[in-house]
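>>> Quick one: sequence and predicted model below, then my questions.
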Amino acid sequence: MLIFYRGSGSGECQVIGKAMSDEDWGILRMSAARLLSARGQITASEMIVSLPFEVWEGTNYFQDEFSVLRLVVSVERYVQMEEEVKSKYVRLAYNQIANAVTNIRFIVAELSEDENFPPVKAPSLQITSAIVERALADAEELIRDRGAVSGLDRVHTAFHGYLKVACDSASLPTAPDASITALFKVLREHHPALTVTANPATKEIDKILRTLSSIVDALNPLRNRSSVAHPNDQLLDEAEAMLTINAVRTMLHYLDMRLKLRNTGV
């Protein structure tokens with residue numbers, strides 16, 4: 001989500017549904033355009049008429065209710081707008097638009113649903129537990145209904161639970177409160193299924209696994225400081241949240257396939 005204007009209060013914004021009909025918004029839009037023009041704010045007046053804004057209901061972690069002026073745009077337009085909003089004159093125009101439309105707390109742009117960062121398919125796990133399955137199901141629902149940033153915390157929980165179950169199933173000793181980083185380290189270094197010595201590409205695969213370890217190290221701060229797991233002021237954008245979720249799903253696919261191959265004697 002690209003934020004052009006943010007009013008007072010929490011920096012979190014989740015859009016949940018249209019706040020008014022197209023007809024009502026059309027009337028309000030033209031009134032705001034005339035007001036902006038009368039104030040001499042010509043750029044803002046032209047923007048509110050030309051850009052496909054809609055008024056949506058918004059909420060956040062604190063269950064606040066507010067209005068959001070929302071655009072849905074293509075990837076190409078999204079990238080253009082990222083550059084445009086760096087201009088202080090463009091930011092000023094968005095501030096003027098927010099002041100002309102009553103009760104607007106955010107002005108945002110989001111990618112068209114047809115062009116969102118494509119998700120890696122959620123895995124069907126062989127090694128699992130009730131908490132892992134519940135967290136994965138919750139994540140799917142949240143990603144679908146609220147977006148990737150809302151599902152990040154549950155994906156984190158699912159991955160944490162999976163690593164714990166995988167270690168326990170192989171009788172690898174771990175601390176009761178072991179972190180994701182510690183569990184992944186134990187699994188990678190001591191689980192026989194992850195010791196691939198007969199493959200001529202072992203050295204390169206080991207490089208990939210070491211890179212995955214860096215991703216694992218980043219999961220906790222992302223979850224704690226940039227997701228809705230806590231009342232954070234700054235959240236990940238949807239693209240980065242989906243990237244993180246895709247990375248976790250990719251690791252789950254790999255680990256579960258490798259452990260399955262070990263169990264079947266391959």
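Structure received. Numbering: from 1, shown residues only.

>>> Can you tell me the SS state at the closest residue to residue 61 other than its chain neighbours?
Take residue 61 and drop its neighbours on the chain: the residue closest to it by Cβ to Cβ, 6 or more residues apart in numbering is residue 231, 4.9 Å away. Yep, even glycine has a C-beta here, placed from its N, CA and C like the rest. Three-state call for residue 231 (DSSP: H, G, I helix; E, B strand; the rest coil): coil.

>>> just the one 4 residues further on next, same as before
Secondary structure of residue 235, reduced to three states by three-state DSSP: coil.

>>> burial of it, as a residue count?
25 (other Cβ atoms under 10 Å).

>>> outside of stretch 54-66, which residues touch it?
7, 9-10, 12-20, 22, 25, 28, 67-72, 101, 103-106, 228, 231 (Cβ atoms under 8 Å, 6 or more residues apart in numbering).

>>> What distance do you get for residue 256 to residue 228?
Using Cβ to Cβ, to the nearest Å, residue 256 is found at 27 Å from residue 228.

>>> Identify each buried residue in the helix or strand containing residue 97, please.
Using DSSP states H and E, the element containing residue 97 is helix 88-100. Neighbour counts over helix 88-100 (16 or more other Cβ atoms under 10 Å) mark 90, 93, 94, 95, 96, 97, 98, 99, 100 as buried.

>>> do stretch 63-77 as well
Result for stretch 63-77 [16+ other Cβ under 10 Å]: buried residues 66, 67, 68, 69, 70, 71, 72, 73, 77.

>>> biggest separation within these, which pair?
Between any two of the buried residues of stretch 63-77, the greatest separation by Cβ to Cβ is 25.0 Å, found for 66 and 77.

>>> roughly how far apart are the residue of the chain positioned farthest from its centre and residue 30?
Farthest-out residue of the chain from its mean C-alpha position, per Cα atoms, centre = their mean: residue 38, at 40.0 Å. Residue 38 is 13 Å from residue 30, where distance means Cβ to Cβ.

>>> got it, and residue 232?
For residue 232, the distance to residue 30 - Cβ to Cβ - is 38 Å.

>>> can you check residue 203 too?
As judged by Cβ to Cβ, residue 203 and residue 30 stand 66 Å apart.

>>> go on, residue 90?
22 Å.

>>> what residue ranges in the stretch 1-150 of the chain score low on pLDDT?
113-119 (pLDDT under 70).

>>> Quick check on residue 73: phi, psi?
phi -130, psi 170 (degrees, to the nearest 10).

>>> Hmm, it is touching residue 111, no?
Yes: under the criterion of Cβ atoms under 8 Å, residue 73 makes contact with residue 111 at 7.0 Å.

>>> re earlier: what does the residue farthest from the centre of the chain show for phi and psi?
Here is the backbone geometry of residue 38 (degrees, to the nearest 10): phi -60, psi -30.

>>> now swap in residue 72 and tell me
Torsion angles, degrees, to the nearest 10, at residue 72: phi -120, psi 120.

>>> hang on, isn't it packed against residue 110?
Yes: if you go by Cβ under 8 Å, residue 72 and residue 110 touch, sitting 5.5 Å apart.

>>> Now do the same for residue 71: helix, strand or coil?
Strictly by three-state DSSP, residue 71 counts as strand.

>>> Looking at residue 256 and residue 228, which is more packed in?
residue 228 (21 against 18).

>>> Let me see the contact set for the more buried one.
12, 61, 149, 150, 152, 153, 235.

>>> Tell me the pLDDT of it.
For residue 228, the pLDDT comes out at 83.

>>> Check the secondary structure at it for me.
coil.

>>> so how far is residue 61 from residue 9?
From residue 9 to residue 61 the distance is 11 Å (Cβ to Cβ).

>>> do residue 259 as well
In terms of Cβ to Cβ, residue 259 sits 36 Å off from residue 61.

>>> Much appreciated, bye for now.
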